[in-house]
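got a predicted structure plus its sequence, pasted below:
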Amino acid sequence: MIEKIVIAFRKILIDSSSISHNKQLLKDILDKEAITCSLSSNASITTTRNYEAVQIKLDRINYTVGENLTLQNGAIKIGKNIKRVLVNGNIGSSGSTTMFGLTIYKNDTAVFNAFIVPASGSSCSLSASPFVIDVEEGDTISMSLYINNTGSKTVLAYDGTSTYLTVQSLN
């Protein structure tokens, strides 16, 4: 990113005749659309069967830039002119499960999985390191909590930093 900024400033110094061209050049390089969504309150999830994945219904926008990434039905919806995104997320959880996981979906297809076995009844956090996927208008990015035992109860933290999903445009 720094390389692109330096190149942009060199072009601006060379082409000082067109301020609007220079503004557009900087906008194209620096402006990215992004959204981070989380929970507005603790979410208590109790499984009804073994090896169940339960969608985390995100309901709060923590941060947004642009108009083409929106929160809809607990997921992030991709808008116009976005072809590739950087995705990351996290689940902060406490409960009595023997294993749980974080799955991130593009539409109904899993694009990321991570699992952890916490100490019994302890709190823990599970993250999705940033990864890139191709998207098109109308796609949704969502995440689910995966729990392996029927009747396990897990509480997801809502503080905005423990359970969240971030999507940033790259084009």
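That came in fine, so what should we check first? Residues are numbered from 1 along each chain as shown.

strands of the chain, start to end?
Assigned by DSSP state E, the strands in the chain fall at 34-38, 43-46, 52-55, 60-65, 69-72, 75-78, 84-95, 100-106, 109-116, 123-134, 140-147, 153-156, 164-169.

what's the fourth one packed up against?
The reference is to strand 60-65. The contact analysis (3 or more C-beta pairs under 8 Å, 6 or more residues apart in numbering; DSSP states H and E) places strand 60-65 against strand 34-38. Using the backbone N, CA and C atoms, a C-beta is placed for each residue, glycine as well.

other SSEs contacting the strand it packs on?
strand 60-65, strand 69-72, strand 164-169.

Phe112: which of these is closest?
strand 164-169 (10.7 Å; C-beta to C-beta).

domains for this structure, by residue range?
For the chain, the structural domains run 1-31, 32-169, going by automatic domain parsing.

lowest-confidence stretch among those domains?
Lowest mean pLDDT within these: domain 1-31, a mean of 52.

so who does Ile78 touch?
Counting by C-beta atoms under 8 Å, 6 or more residues apart in numbering, Ile78 touches Asn68, Leu69, Val85, Val135, Glu136, Glu137, Gly138, Asp139, Thr140, Ile141, Val167.
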